[in-house]
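Visitor: got a predicted structure here, sequence first:
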Number of protein chains: 2
Amino acid sequence: MVRYQFTDETEVSNAPMSMSLLAKLQRDILTGKYRPGQKLTEQNLCKEYGVSRTPIREALRQLETDGLVENILNRGSFVIGLSRQDFEDMFELRKAYEIQAVRWAIERITEEEMDRLEETFEFMEFYTMRGDLDKMLVINAGFHQVIYEASHNRMLQKTLTQYQTFLKYRSMDEEYGANYLTTVLEEHRAIFKAFIDKDVKAGAEAMERHINRAKERRCG
Amino acid sequence: MVRYQFTDETEVSNAPMSMSLLAKLQRDILTGKYRPGQKLTEQNLCKEYGVSRTPIREALRQLETDGLVENILNRGSFVIGLSRQDFEDMFELRKAYEIQAVRWAIERITEEEMDRLEETFEFMEFYTMRGDLDKMLVINAGFHQVIYEASHNRMLQKTLTQYQTFLKYRSMDEEYGANYLTTVLEEHRAIFKAFIDKDVKAGAEAMERHINRAKERRCG
DNA sequence: GATTGTATTTCTGTATACAATTATAGAGCC
DNA sequence: GGCTCTATAATTGTATACAGAAATACAATC
């Protein structure tokens, strides 16, 4: 039984269908369509995305709290750039949260969530065997998402999901080594094993290793 | 020379004056004026705050990304409650970030920021001597703010500032022990000393102790 | 040529209007 | 009484209108 599907479309509560305006703007900022410091004129965005100013402004406000845009009173919205240092830092911040997420998740996970985690891990094994990199990137995110949910802390979940989004677009034009798939699978296996053993310490350590290596792979 | 003032008004870029609409809504949700699960009808909020739907909706969108409000498509905004567990968790999340903030701040702090940190600490000593609790609460937040800035990471700064806001309103009706002021001062002294010594490890440890004790004081 | 002051245009902030969706109330029916 | 269906009202989502601030262009002045 397929309980949920792995899709790349980041589903947001507000998304009526397809990609929400907010997600589009996030994408276009993170992929560099809009350059750091660039002024985002509402009128232009209206034309660009085919909607009126109201939804544009609401999205801009959300981007502001996300930290992707700076809003100056009576002057407008400006793209905030994420430097190489910012991205490196982000891995450290993400690491702290991911470790906490694993800790709480191992303590608080429900049976239903444990089933989903297992299922997801089996998908990972399957796609690693098949050598399907694209699918793996998506399921990788899914595996972490299950852990976020199992942490049963909305704030943690929100923040980590956002980090995923930020890093997703960066990872798109990365090079992946030959044994990337098997390496990552084993890293996740260690995390998954900690869930089976209900071993908080082992889980935290496995996650720390996993994020450290991910940072090396991407920033190294 | 007074470089900046300690005020309780959380200055937001959008605030034209006084308290911004967003800050008001945050306050009213966090102080329990609006109950968890309660529907926030835009029309009512318009009357309540004396503005039209446009600014109300923009604030609601920001509250949504803040995690204080849930927005359901075509159905409206609902207050999200923060349980006792959520608040306890928040201290753990905050701790992880505060520790990282101290680490980076000790490495990256500028002379100007170091001066401000010293000045702020001296204010703390002064108000502790005077036994002025209200001023201390404000300056306490200010001390941490300087550290956030010195971390030179916008995202960290944003998140920790938000945690401060969340906890601020909770702390308002708390009881403070007789030796609260001196205890807190010494905790901050240990942190400040780590900055002088440029000792990252000591700083991280001092901050961890500080947050742990703050959690005990508030959640204990 | 550079600079200052002013008029014009552009853009943001806010209010309002309209369409689409959802919630509500009541009649009819079992 | 409880249920379903329908008409009405209320509410959200989006577009537009208008006032005020900021940016721009340009002429006058030095």
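Guide: Thanks, I have the structure now. Numbers count the residues shown, from 1 in each chain, chains lettered A, B, ... in the order given.
Visitor: where does chain A have its least confident helix or strand?
Guide: One helix or strand of chain A scores below all others by mean pLDDT, DSSP states H and E: helix A:154-171, with a mean of 90.
Visitor: so that helix, near chain B or not?
Guide: Yes: using Cβ under 8 Å from any Cβ of the partner chain, we find that helix A:154-171 touches chain B at A:154-156, A:158-159. Yep, even glycine has a C-beta here, placed from its N, CA and C like the rest.
Visitor: gap between the residue in chain A that DNA strand D sits nearest to and B:L45?
Guide: Per Cβ to the nearest atom of the strand, A:S52 is where chain A lies closest to DNA strand D, at 3.0 Å. Counting by Cβ to Cβ, to the nearest Å, the separation of A:S52 from B:L45 is 22 Å.
Visitor: the two: who's more crowded?
Guide: B:L45 (22 against 10; other Cβ atoms under 10 Å in any protein chain shown).
Visitor: touching, that one and B:I56? I think so.
Guide: Yes: taking contacts as Cβ atoms under 8 Å, B:L45 lies within contact range of B:I56: 4.8 Å.
Visitor: which strands and helices lie in contact with the longest helix along chain A?
Guide: Criterion DSSP state H: the longest helix present in chain A is helix A:84-108. With contacts taken as 3 or more Cβ pairs under 8 Å, 6 or more residues apart in numbering or on different chains; DSSP states H and E, helix A:84-108 sits against helix A:133-150, helix A:154-171, helix A:180-197, helix A:200-219, helix B:84-108, helix B:154-171.
Visitor: reformat those as a markdown table; add distance to DNA strand D and mean neighbour count.
Guide: Output for these, formatted as a markdown table (distance: least, Cβ to the nearest atom of the strand, whole Å; neighbours: other Cβ atoms under 10 Å in any protein chain shown):
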| stretch | distance to DNA strand D | mean neighbour count |
| --- | --- | --- |
| helix A:133-150 | 24 | 20 |
| helix A:154-171 | 19 | 18 |
| helix A:180-197 | 37 | 17 |
| helix A:200-219 | 35 | 17 |
| helix B:84-108 | 25 | 19 |
| helix B:154-171 | 22 | 18 |
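Visitor: those helices: which one's closest to DNA strand C?
Guide: Comparing these by Cβ to the nearest atom of the strand, helix B:154-171 comes nearest, at 18.8 Å.
Visitor: domains for chain A, by residue range?
Guide: Structural domains annotated on chain A: A:21-79, A:84-219, as defined by automatic domain parsing.
Visitor: skip the chain neighbours and tell me the closest residue to the residue nearest the centre of chain A.
Guide: Centroid check for chain A by Cα atoms, centre = their mean gives A:Q164 as the closest residue, at 1.3 Å. Spatial nearest neighbour of A:Q164, excluding adjacent residues (Cβ to Cβ, 6 or more residues apart in numbering or on different chains): A:A141 at 5.5 Å.
Visitor: the residue of chain A most remote from its centre and A:R53, how far apart?
Guide: The centre of chain A is farthest from one residue, A:N74, which by Cα atoms, centre = their mean lies 32.6 Å away. To A:R53, A:N74 is 15 Å away according to Cβ to Cβ.
Visitor: just A:F87 next, same as before
Guide: Distance from A:F87 to A:R53, by Cβ to Cβ: 32 Å.
Visitor: so what's the closest residue to A:M207 other than its chain neighbours up against?
Guide: Spatial nearest neighbour of A:M207, excluding adjacent residues (Cβ to Cβ, 6+ apart): A:V102 at 4.6 Å. Neighbour list for A:V102: A:147, A:151, A:191, A:194, A:200, A:203-204, A:206-207 [criterion: Cβ atoms under 8 Å, 6 or more residues apart in numbering or on different chains].
Visitor: farthest-separated two in the residues you listed?
Guide: A:S151 and A:A206 (15.5 Å; Cβ to Cβ).
Visitor: the residue nearest to A:Q164 contacts A:K168, correct?
Guide: Yes: in this structure A:A141 lies within contact range of A:K168 using Cβ under 8 Å: 7.2 Å.
Visitor: many thanks, have a good one.
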